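Asks: When you get a sec, could you give me coordinates for this:
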Amino acid sequence: MVEAGVMMENLLKLFISFLKIGAFSFGGGYAMLPLIEEEIIQVHGWLSPTEFIDVLAVSEMTPGPIAINSATFLGYKVGGVWGSIIATIAVVLPSFIVMSIIFHFIARFKDTPYVEWVFSGIRPVVLGLIAAAAVTVGKNAFIDIKSIFIAVVLFYLVSFKRLNPILAVVLAGAMGIVLY
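Replies: This next block holds a predicted model:
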């Protein structure tokens, strides 16, 4: 009976954590990463920074949005199948509610300067959140000169030579096998 109570408490914490992440993240999955990291690692201690990076790697390689994939994987780690379901629902629920409300009002207000002003204020925040996520991932992913080399080469190939991101992941794996 006590074990079921602890599990329910963890599932509730998981739901609240991912509900907050979904409600206060603007700009997509990468912008959510600093909030996910804070909740999962710092607040609850459910994962270590290294485990978090591993979850992000799997979430990135798995088809679908990184925020939803991360919620699903992290939820499973914390609470099994129910944790996975609860975290996934919680992370998308705020967006679903907001988009449902916006849908009804968008036609009336879409051309007002207030809407443009709000989005003009939100855009820089999104860039800042993505940059913070990059720094967080970098601190844990760059473990030696080899990992920095792999990152620089693939950044160059994807950014300037337009290498397909799927091929970049395969190439990174191959480089990891060769270099390590």
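Asks: So this protein: which segments form each domain?
Replies: The chain breaks down by automatic domain parsing into domains covering 2-141, 142-180.
Asks: most tightly surrounded among these?
Replies: Counting by mean count of other CB atoms under 10 Å, domain 2-141 has the highest mean neighbour count of the domains of the chain, with a mean of 16. Using the backbone N, CA and C atoms, a C-beta is placed for each residue, glycine as well.
Asks: which one's the longest helix in the protein?
Replies: In terms of residue count, the longest helix belonging to the chain (DSSP state H) is helix 66-109.
Asks: pLDDT (mean, whole number) over that one?
Replies: In this model, helix 66-109 has an average pLDDT of 88.
Asks: Does residue 60 touch residue 73 like I think?
Replies: No: using CB atoms under 8 Å, residue 60 makes no contact with residue 73, being 10.9 Å away.
Asks: What separation is there between residue 118 and residue 110?
Replies: Relative to residue 110, residue 118 is positioned 12 Å away (CB to CB, to the nearest Å).
Asks: looking at the domains of the chain, which has the lowest confidence?
Replies: domain 2-141 (a mean of 85).
Asks: Just give the closest residue to residue 179, not the sequence neighbours.
Replies: Leaving aside its chain neighbours, residue 179 sits nearest to residue 146 (4.6 Å; criterion: CB to CB, 6 or more residues apart in numbering).
Asks: State the helix or strand in which that neighbour lies.
Replies: Using DSSP states H and E, residue 146 sits within helix 145-160.
Asks: Centre of the chain to that helix, how far?
Replies: On the basis of CA atoms, centre = their mean, to the nearest Å, helix 145-160 sits 21 Å off its chain's mean C-alpha point.
Asks: counting contacts, what elements does that helix pack onto?
Replies: The elements that helix 145-160 packs onto, with contact taken as 3 or more CB pairs under 8 Å, 6 or more residues apart in numbering; DSSP states H and E, are helix 113-141, helix 165-179.
Asks: Now do the last one and helix 145-160, the angle between them.
Replies: Put simply, helix 165-179 runs at 160 degrees to helix 145-160, going by axes from the mean of the first three to the mean of the last three CA atoms, to 10 degrees.
Asks: what helices or strands is helix 165-179 leaning on?
Replies: In terms of contacts (3+ CB pairs under 8 Å, 6+ apart), helix 165-179 is packed against helix 145-160.
Asks: Mind doing that once more with 10 Å?
Replies: Helix 165-179 sits against helix 49-61, helix 145-160, with contacts defined as 3 or more CB pairs under 10 Å, 6 or more residues apart in numbering; DSSP states H and E.
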